[in-house]
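In: fold the following, please.
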Amino acid sequence: ACVMAHEMPDDVGGLYAHFLHTPSSVARYAAILRGLPWSFSAHAKDIWTSPEWELREKLSPDTFGASFGATCTGFGAKHLQDLDDTPARVDLVYHGLDLGRFPAPPTRTLRSGDTPLRLMSVGRLVEKKGYDNLIDALALLPATLDWHFTHIGGGALDAEMRARAGDRGVADRITWRGACDQPDVIAAMRDNDLFVLPSRIAQDGDRDGLPNVLMEAASQKLAILSTPVSAIPEFIDDGVHGMLREDDPTTLANAIADFAADPTLGPRLAEAAHTRLLADFTMTPGIVHLHNRLNEMLTTATS
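Out: Predicted structure coming up:
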């Protein structure tokens with residue numbers, strides 16, 4: 001913060017930090033040193049693993065708090081608004097998807113009962129993503145169901161999850177692709193039947209907000225199975241735009257088996273999720289909102 005305050009050009013009118021934990025601390029201290037307004041966006045881990053006293057300080061004008069804040073889920077916005085003496089200073093701004101980076105969804109046909117069910121997920125192999133429970137769920141699927149699961153992403157639990165798959169007897173039905181570029185992720189989404197993300201709250205309180213990969217799956221009309229954690233229900237209504245289930249292995253296994261048994265379910269859910277994405281979760285409205293908020297902060301500071 002001291003280096004930033006010293007080296008910033010004289011014409012800087014304000015600071016904006018992209019996360020509410022350490023980046024906002026740096027922005028706040030530098031703003032104090034330079035007598036500038038500052039603001040933030042908040043997301044998931046930076047909200048849920050920060051102590052309440054620190055969040056209150058960054059929100060209160062009495063302790064040189066932010067001029068405004070934006071967060072990407074209604075769930076997170078309410079939490080921060082409840083800590084703020086002026087709740088209107090915290091805005092809900094969904095990330096939204098830049099559909100210009102994604103191809104039009106493929107034309108999907110109904111699965112026939114004798115074709116393998118192709119499952120996939122994209123996410124870091126960390127506690128809050130719940131992949132241990134998913135592996136256990138896959139091991140509970142009926143022996144009569146032909147399936148294959150593809151995982152994309154790295155993470156600290158990589159070796160542990162591979163070993164778990166071996167212990168549960170499903171290693172030969174799982175492909176671990178590691179980290180992939182976005183074109184490879186999109187290609188996989190176009191080639192699978194069901195996207196599964198069994199998010200949960202980690203022991204340290206960390207949790208997902210509204211994972212972008214769910215919107216990316218919807219952009220390719222890939223049906224979704226996830227959990228009612230944090231802000232995921234803000235995008236997915238259970239039974240309408242996807243399936244939301246608790247993250248225990250038996251419940252997840254039953255949901256996957258039910259999905260496989262009804263070839264009409266996936267296209268119906270995926271079509272509804274795609275429609276919702278286009279209506280409420282594109283990027284442009286959020287950019288316009290932040291543009292206006294930042295200009296307002298700078299104008300107020302110089303008036």
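
In: what about the helices in the stretch 201-303 of the chain?
Out: Counting by DSSP state H, counting those that start in this stretch, the stretch 201-303 of the chain has helices at residues 212-219, 232-235, 249-261, 265-280, 284-302.

In: what's the closest of those to A137?
Out: helix 249-261 (3.7 Å; Cβ to Cβ). The C-beta positions use only the backbone N, C-alpha and C, and glycine is treated the same way.

In: the stretch 101-250 of the chain: strands as residue ranges?
Out: Under the criterion DSSP state E, counting those that start in this stretch, the stretch 101-250 of the chain contains strands at 117-122, 147-152, 174-176, 194-197, 223-226, 243-244.

In: out of those strands, nearest to D184?
Out: Minimum separation from D184 across the strands of the stretch 101-250 of the chain (Cβ to Cβ) falls at strand 147-152, 7.6 Å.

In: now do that closest one against strand 117-122, angle only.
Out: Angle, strand 147-152 to strand 117-122, by axes from the mean of the first three to the mean of the last three Cα atoms, to 10 degrees: 20 degrees.

In: quick one: strand 147-152 to helix 212-219, angle?
Out: Using the same axes, to 10 degrees, the inter-axis angle of strand 147-152 relative to helix 212-219 is 130 degrees.

In: how far does strand 147-152 sit from the chain's center?
Out: Centroid separation for strand 147-152 versus its chain: 20 Å, with Cα atoms, centre = their mean, to the nearest Å.

In: that strand packs against which elements?
Out: Here strand 147-152 touches strand 117-122, helix 131-139, strand 174-176, helix 182-190, going by 3 or more Cβ pairs under 8 Å, 6 or more residues apart in numbering; DSSP states H and E.

In: from the contact counts, what lies against the second one?
Out: Judged by 3+ Cβ pairs under 8 Å, 6+ apart, helix 131-139 is in contact with strand 117-122, strand 147-152, helix 158-167, helix 249-261.
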